[in-house]
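**Q** can you look at this prediction? I've put the sequence above it.
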Amino acid sequence: MVKVHTNHLNRYSFMQKIFTLLLVAFTSALGFSQNITLKGKVTDPDNFPLESATVYLSTVKDSAMVAYSVTNKDGSWEIRTRVTKDPVFLKVSYMGFADFKQKLTTLVANMDFGVQKLSDKATTLNEVIIVSEAPPVRVKKDTLEFNAGSFKVRPDANVEALLKQLPGVDVDSDGVITINGKQVDQILVNRKPFFDRDGKIALKNLPASLINKVQVSDTKTKEEELLNRRASGNNSSINFTIDEKKNKGLFGKIMGGYGTDDRYETSGMLNYFEGKKRISLLASSNNINSTGFSMDEIFDSMGGGRNVSSGVFGAVRQAGNGIGQGITQSNMAGGSYNDEWFKNFSSTLNYFYNSADTENNNRTRETTFLPATSGDTTQKSQTETSTSSTDNSRYVHNAGSEFEWKLNKQTTIFMDPRFVTGNSKERNVTSRETVDQDGNLINRSDNNTFNDTDNRSFTNRLQIRRAFDKKGRAISAGFNNNNSVDDTQNLNRQSIDFGDGSSTNVDQLKQTTTTNDNYSGSLEYLEPITDSLRIKVKGAYSSSQNTRNREGFDYDAASGQYSAFNDLLTNYLSSTTGSFIPTAGFELDKNKYDLSTELGQRIISFDNHSVYLGDYYSLNKNYILPFANVQAGITFSQSKRLRFNYNYDTSLPTATQILPVEDVSNPLNTIVGNPDLDPNKSHNININFRNFDFATRSGYNLYGNARFYDSQVASFTEIDVTDGTRITSYQNVSGAYNLSVGGNYNKSIKRGAHTFRYNLGLNSSYNLTKGFTNAQQYEARSLTLSPRLNFSYDYGELLTINPSYSYTYNQSDYTNYRITQASNYVHRINLATTSYWPKNVVFGNDFGYTYNSIDTGFRKDFYLWNTSLGYSFLDNHFMFKIKVYDVLNQNLGITRSITATSIEDQENTVLKRYAMFSLTYSLKQFGGKRVPGGDRPPGGGGNFRGRRM
């Protein structure tokens, strides 16, 4: 008899309905569009083809842009657009020539316009008397430039609303921006970041009326920027240029909230800018697991759903946010100053203080697989269950700067020093029990630990670039350093009872100082052979010295102090590496393709030393390893591009892995290095293909990554099946690999006030991991599949509906283990809705359901529902909100991790239901004028419903 669970059927029926609704909506919307193709050719008065001329269609009614294209090298152009029976203008614009303009009563069929011959601008003897209309879009070398004044937005709109009107730009419900299918990872204002380079603060607060141009280009590294190289990545960068007449203003936001269970949040931000000067101040504090400045207009700092908090600054990330593992109280304060101190010398100074305190209770069950041993074909396993309570507090001071000095048109100096100091304290109380596959006790332990660590670091990057009169000739020098010191005190009280009746007790203090001093310098020369071909030679030297000095003490009952010196806990390790990499290569940069190679050798001196238990160990090795880096790209069209990268990567073992020192400081795990280890060696391949069709507002991106190991350092572990103690060493393995493939498809459809967006995605990986347990080699092949589906519907700016679904499947296949396979899957279904009606009211809901197939006594599923109701008043400068987190009080923090040797299930403390009342005040004053404070329209009006592009 088969027993059927009704709740499983209900979940299946619910998911089936969701898929059916999304599929119907998707296929229906695909039928909305019927496309035609227009083409032609642009020349000057002498019939010479004009490359990069802007060709676009705009409506006769309100001049809104319909579609655009840019001419190729032979002057030809092609526009794919929708059929329309409304009259439009065909316009052609090119710097230095009069605009071409032709009225078309309808667009219902493919058309060939032949040659559009541009005329010289009419002039008097002294000046131009015909001023051309600024085109809505223009291509300048590798930059796509939009004229902000050509796109209509409401008077109080922010720059995020402006971006949504630009052709080829999509902003999803998570705030992720894509332009012509490429994700944006950097947003600047007048070529400078507003706080962090992700630009979220600028997007939500800068008024669109200030913006003159929106410039889009491929994101470059600083080295690529200085050496005028093509971007090697696959992301885009946005730069907003502010109208010079309006480049002065003040904006800020202050928010405070208090709720049930003593939950609170508060934050404040103030920004002042004038010309090239910008001053920003920021502070926040909360106890709801947020860094405190997510800038979400619906949920403020409340996490979960659409608003999963992440650090706005690197220092915040160092302090941590504790999401999913405990409840965190965090504080942040700091400021940033940008200015041009004198001509061609720009600077950025910033300082931030961050602190966080996280409390967490954890429950873990981990099963470790043991292979069969000689003489015993029984395949065994050990299962450890534990409960722990932790309290982790930390703070970070982070002071950084950037300086860029353009001495002249040919020479640029860049430097960005950064100082970080901090402290972390962690108290942990843990109880563990380990049993074998038959349930027999192996060991039981109770631990009480306290760690106190002081961190100090200084990093700097110095780059000097010098160009010469000959185009393409350049020399570049760079110097980097990274210096850090960590001082740690570790107090460990531990009692261990073994299954055979024996026991041991530990009450020890370890004092450890770890220093890392890394320096690197490089010199590169580039010489042009032709306009598109440059050869390059480069020499790079790096030096690193890493030391660990540890002293151990036992508790002395007579003195009441940790004063009894312990030789077993005391040791000294040092590792010094010197590396010289001479390379030569070339850069080929054509309109349709590019190729860059860098080939050479890595010459390494590797010295390691240790002092332990009165013995001195020394191990010196020299290596000559190959170095290879190849990058290539093919540009099929303005929106279709293929990128390929290959490099041969090598890295050295650590001193702990390679020195033959037996470290017995941990009574349950002894570590011994292997002096015969070879370096890690691997081949890395990355392929990315992107295609976006502006006419259909659809596109896709495909990627593939592969890493094949010639040699990899793997653990060699001996586990005693009677008491659970371990001896860990290391050996080289070959043949391991990591593979990943995936992609996404997105489509956007606009019909008057209705906007539909679809996104289909898939990430997958397949890895082969090798290692040794009890002298037997094991292999684990792991597969991960993560498909996702996202749909959103916008009605003007009054209503947004965003359902989404994701599925994650993990499977590991084992050899020489008690089990042959382990798997796990997770379903996540979410529905986010936002309404800006009626007037001055904003109502948001995030509802999600998560199902985890975990099967070891942990709860499998839960619902998470967050809701927010806000009301703006006093000219939208104030907003009052009522928010409820986890309305159904079901939130869970359960995870499963499947590795090459074990399965681990965890449950951690998470935030549960609370309500929050908050008040936000917004200040915006630009160009001497105060503007409404709201980020959204007052609601209910139809003045923007029919806005068209």
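**A** Sure thing, it's come through.

**Q** for the stretch 101-250 of the chain, what spans make up the helices?
**A** For the stretch 101-250 of the chain, applying DSSP state H, counting those that start in this stretch gives helices covering 159-165, 200-205, 222-226.

**Q** to residue 833, which of those helices lies closest?
**A** Of all the helices of the stretch 101-250 of the chain, it is helix 159-165 that lies closest to residue 833, at 18.3 Å by C-beta to C-beta. C-betas here are computed from N, CA, C, even on glycine.

**Q** elements contacting that closest one?
**A** Using 3 or more C-beta pairs under 8 Å, 6 or more residues apart in numbering; DSSP states H and E, the elements in contact with helix 159-165 are strand 169-171, helix 200-205, strand 211-218.

**Q** the least confident helix or strand in the chain by mean pLDDT: what's the following helix or strand?
**A** Scoring the helices and strands of the chain by mean pLDDT, DSSP states H and E places helix 314-319 at the bottom, with a mean of 34. Using DSSP states H and E, the next helix or strand after helix 314-319 towards the C-terminus is strand 327-342.

**Q** pairing partners for the helix or strand immediately after that following strand in the chain, with directions?
**A** Counting by DSSP H and E, the element after strand 327-342 in chain order, helix or strand, is strand 345-370. Using DSSP bridges, the neighbouring strands of strand 345-370 in the sheet come out as strand 327-342 (antiparallel), strand 380-406 (antiparallel), strand 902-908 (antiparallel).

**Q** in a markdown table: the ones you listed, plus mean neighbour count.
**A** Shown next, in a markdown table, are the strands paired with strand 345-370 (neighbours: other C-beta atoms under 10 Å):
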| stretch | mean neighbour count |
| --- | --- |
| strand 327-342 | 18 |
| strand 380-406 | 18 |
| strand 902-908 | 19 |
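
**Q** between those, which one is nearest to residue 725?
**A** The nearest among those, by C-beta to C-beta, is strand 380-406 at 11.2 Å.

**Q** check the offset of that closest one from the chain's centre.
**A** Here the centre of strand 380-406 is set off from its chain's centre by 17 Å, with C-alpha atoms, centre = their mean, to the nearest Å.

**Q** before we move on, what about stretch 257-271?
**A** 26 Å.

**Q** tell me the buried residues in that stretch?
**A** Within stretch 257-271, the residues that count as buried by 16 or more other C-beta atoms under 10 Å are 257, 259, 263, 264, 265, 266, 267, 268, 269, 270, 271.

**Q** for stretch 39-51, same thing?
**A** By neighbour count on 16+ other C-beta under 10 Å, the buried set for stretch 39-51 is 39, 40, 41, 42, 43, 44, 49, 50.

**Q** what's in contact with that stretch?
**A** Outside stretch 39-51, the residues within contact range by C-beta atoms under 8 Å, 6 or more residues apart in numbering are 53, 55, 71-79, 92, 94, 97, 100, 111-120.

**Q** can you list the low-confidence ranges for the stretch 551-700 of the chain?
**A** Scanning the stretch 551-700 of the chain for pLDDT under 70 picks out 638, 694-696.

**Q** hmm, try it at 90
**A** 568-569, 589-592, 612-615, 635-641, 660-669, 690-700 (pLDDT under 90).

**Q** in it, what residue spans correspond to helices?
**A** So, for the stretch 551-700 of the chain - with DSSP H, counting those that start in this stretch - the helices run 655-658.

**Q** all strands of it, in order?
**A** 561-589, 593-612, 615-637, 640-651, 662-666, 669-672, 680-693, 698-719 (DSSP state E, counting those that start in this stretch).

**Q** also the stretch 701-850 of the chain?
**A** For the stretch 701-850 of the chain, the strands defined by DSSP E, counting those that start in this stretch cover 726-733, 737-751, 754-773, 776-795, 799-815, 821-835, 841-852.

**Q** and residue 754, which of the helices and strands packed on helix 159-165 is closest to it?
**A** Using C-beta to C-beta, the nearest of the helices and strands packed on helix 159-165 to residue 754 is strand 169-171, at 15.3 Å.

**Q** what does that closest one rub up against?
**A** 160, 163, 164, 177, 178, 179, 697, 746, 748, 757.

**Q** what residue is smack in the middle of the protein?
**A** Nearest to the mean C-alpha position of the chain, counting by C-alpha atoms, centre = their mean, stands residue 185 at 8.1 Å.

**Q** who touches it in this structure?
**A** 197, 198, 219, 235, 236, 237.

**Q** 7 Å - rerun?
**A** Counting by C-beta atoms under 7 Å, 6 or more residues apart in numbering, residue 185 touches 219, 235.

**Q** now swap in the one 4 residues further on and tell me
**A** Contact partners of residue 189, counting by C-beta under 7 Å, 6+ apart, are 202, 206, 240, 242.

**Q** can you rerun that using 10 Å?
**A** Each residue near residue 189 by C-beta atoms under 10 Å, 6 or more residues apart in numbering is listed here: 159, 199, 201-202, 206, 210-211, 238-242, 247, 273, 278, 338.

**Q** now do residue 243
**A** 148, 149, 209, 210, 211, 212, 213, 926, 927.

**Q** show me which of these are buried.
**A** Applying 16+ other C-beta under 10 Å to those flags 148, 209, 210, 211, 213, 926 as buried.

**Q** check contacts around the last one.
**A** Read that as residue 926. By C-beta under 10 Å, 6+ apart, the neighbours of residue 926 are 206-207, 209-210, 242-243, 246-251, 273.

**Q** and those residues as CSV, adding distance to residue 812?
**A** Formatted as CSV, those follow (distance: C-beta to C-beta, whole Å):
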residue, distance to residue 812
206, 48
207, 53
209, 56
210, 54
242, 53
243, 58
246, 58
247, 57
248, 60
249, 56
250, 56
251, 51
273, 53
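
**Q** quick one: the closest residue in space to residue 163 that isn't next to it in sequence from residue 271, how far?
**A** Nearest residue to residue 163, sequence neighbours excluded (C-beta to C-beta, 6 or more residues apart in numbering): residue 169, at 5.2 Å. Taking C-beta to C-beta, to the nearest Å as the measure, residue 169 falls 24 Å from residue 271.
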